[in-house]
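S.K.: Build me a model:
(2 chains)
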Amino acid sequence: NAGVTQTPKFQVLKTGQSMTLQCAQDMNHNSMYWYRQDPGMGLRLIYYSASEGTTDKGEVPNGYNVSRLNKREFSLRLESAAPSQTSVYFCASSEALMRGPGDTQYFGPGTRLTVL
Amino acid sequence: GNSVTQMEGPVTLSEEAFLTINCTYTATGYPSLFWYVQYPGEGLQLLLKATKADDKGSNKGFEATYRKETTSFHLEKGSVQVSDSAVYFCALIGNTGNQFYFGTGTSLTVIP
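M.R.: Below you'll find the predicted structure:
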């Protein structure tokens, strides 16, 4: 099993450009998440999808959109990139449809995005 | 609301030293608690977890005990190795809702 995969691994954009980060999981998990990781800030949740067909905002959703394409795939789109969106982006998935004790998140390797 | 506070790093230790990374939390109800580890250039991996008070999670020589009375989940290891050099994140999930809450991470460097 590949677990959680993300593409691309690295990306450089100019301010105002758009792009989509792709994420897929092969663990038949119900829930998927997008985080950004910035120095000194830990992980901050951008959006999540508790189940196929649903998406919800996290802590820092502004400037992003998401699509839960099917149970396996959850994409993150930047419509008009800004330097403040320079970060490392992680996708994660977890099994539970409704949160239960000990539900564990599994993370992808990350996408390193630089916006000039 | 829910939140996690963990000790700031970076932490530098000599090989075979004792490690403690402090983590305290704020949550309503009975959260589940986690430690994740992030090696350079990689995503986060689950290190250990505990789902109820007084549970002890353990893995690869690391341990953490869920202390409800002190709202803490401190990570310990008796003898660290160079290969333990990584960033460690404390996290919780509440017993309602779908969101995980992460601490800011503690960078550990172990020198030979």
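S.K.: all strands of chain A, in order?
M.R.: For chain A, the strands defined by DSSP state E occupy A:4-7, A:10-13, A:19-25, A:31-38, A:42-49, A:56-57, A:64-68, A:74-78, A:87-94, A:105-107, A:111-115.
S.K.: Can I get those in JSON lines including distance to chain B?
M.R.: Any C-beta I mention is one placed from the backbone N, CA and C, and that applies to glycine too. Formatted as JSON lines, the strands of chain A follow (distance: least, C-beta to the nearest C-beta, whole Å):
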{"stretch": "strand A:4-7", "distance to chain B": "7"}
{"stretch": "strand A:10-13", "distance to chain B": "11"}
{"stretch": "strand A:19-25", "distance to chain B": "11"}
{"stretch": "strand A:31-38", "distance to chain B": "6"}
{"stretch": "strand A:42-49", "distance to chain B": "4"}
{"stretch": "strand A:56-57", "distance to chain B": "7"}
{"stretch": "strand A:64-68", "distance to chain B": "13"}
{"stretch": "strand A:74-78", "distance to chain B": "14"}
{"stretch": "strand A:87-94", "distance to chain B": "6"}
{"stretch": "strand A:105-107", "distance to chain B": "4"}
{"stretch": "strand A:111-115", "distance to chain B": "9"}
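S.K.: Any chance of CSV for the ones you listed, columns mean pLDDT and mean neighbour count?
M.R.: CSV is the format used below for the strands of chain A (pLDDT from 0 to 100; neighbours: other C-beta atoms under 10 Å in any protein chain shown):
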stretch, mean pLDDT, mean neighbour count
strand A:4-7, 95, 18
strand A:10-13, 96, 14
strand A:19-25, 97, 19
strand A:31-38, 93, 24
strand A:42-49, 91, 22
strand A:56-57, 92, 13
strand A:64-68, 96, 18
strand A:74-78, 97, 20
strand A:87-94, 94, 23
strand A:105-107, 90, 21
strand A:111-115, 96, 18
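S.K.: and B:T24, which of the ones you listed is closest to it?
M.R.: Closest to B:T24 of these is strand A:42-49 (C-beta to C-beta; 14.5 Å).
S.K.: The closest one: partners in the sheet, and parallel or antiparallel?
M.R.: Here strand A:42-49 has these sheet partners by DSSP bridges: strand A:31-38 (antiparallel), strand A:56-57 (antiparallel).
S.K.: Contacts only, for residue 34.
M.R.: By default, I'm working from chain A. Applying C-beta atoms under 8 Å, 6 or more residues apart in numbering or on different chains to A:W34 gives the contacts A:21, A:23, A:45-48, A:58, A:64, A:66, A:74, A:76, A:89-92.
S.K.: right idea, wrong chain: chain B
M.R.: B:F34 makes contacts with A:104, B:46-49, B:90-93, B:100, as judged by C-beta under 8 Å, 6+ apart.
S.K.: Quick check: bridge partners of B:L108?
M.R.: Counting by DSSP bridges, B:L108 forms beta bridges with B:V11, B:A86.
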